[in-house]
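Trainee: attaching a predicted model along with its sequence, questions to come.
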Amino acid sequence: MKNFFNNLLRYPKFLALITAGVLSIVIQPLVPLLKRPLTAIVLIVALVSGFIGVSLVLRAMLGLDAI
């Protein structure tokens, strides 16, 4: 039974490592774009608008709109 719990505790570490690796691979190509002011502004606006769009879609899908 101890082996089962040790094996079960490995999954959160595995998930954290996979998530960190994916974020690293996604962010690495975007770093050179942040060196120029124009592309940095466009990148930040795109990220914020993407976040707002996803949150609006999720709120509509889940019926959380109070209006």
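Mentor: On my side now, so go ahead. Model, not experiment: these values are computed from the prediction.

Trainee: any idea of the mean pLDDT in the helix or strand hosting Leu15?
Mentor: Taking DSSP states H and E as the definition, Leu15 sits inside helix 10-27. Averaging pLDDT along helix 10-27 gives 94.

Trainee: would you mind writing the CA trace of that helix as CSV?
Mentor: Output of helix 10-27 as CSV, limited to C-alpha atoms (Å, rounded to 0.1, in the frame of the first residue of the first chain):
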residue,chain,number,x,y,z
ARG,A,10,4.4,11.3,-8.4
TYR,A,11,1.6,12.5,-10.6
PRO,A,12,1.4,16.1,-9.3
LYS,A,13,5.2,16.5,-9.8
PHE,A,14,4.8,15.1,-13.3
LEU,A,15,2.0,17.5,-14.1
ALA,A,16,4.0,20.4,-12.8
LEU,A,17,7.0,19.5,-14.9
ILE,A,18,5.0,19.0,-18.0
THR,A,19,3.2,22.3,-17.5
ALA,A,20,6.5,24.1,-16.9
GLY,A,21,8.0,22.6,-20.0
VAL,A,22,5.1,23.5,-22.2
LEU,A,23,5.1,27.1,-20.9
SER,A,24,8.8,27.3,-21.5
ILE,A,25,8.4,26.1,-25.1
VAL,A,26,5.5,28.5,-25.7
ILE,A,27,7.1,31.6,-24.2
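
Trainee: how far is the longest helix along the chain from where the chain is centred?
Mentor: For the chain, the helix that runs over the most residues, judged by DSSP state H, is helix 37-62. Put simply, helix 37-62 sits 12 Å off its chain's centre (Cα atoms, centre = their mean, to the nearest Å).

Trainee: packing partners of it?
Mentor: Other helices and strands packing on helix 37-62, by 3 or more Cβ pairs under 8 Å, 6 or more residues apart in numbering; DSSP states H and E, are absent; none qualifies. C-betas here are computed from N, CA, C, even on glycine.

Trainee: show me what counts as buried in it.
Mentor: Going by neighbour count (16 or more other Cβ atoms under 10 Å), nothing in helix 37-62 comes out as buried.

Trainee: please tell me how far the helix holding Leu15 is from the chain's geometric centre.
Mentor: Using Cα atoms, centre = their mean, the offset of helix 10-27 from its chain centre is 11 Å.
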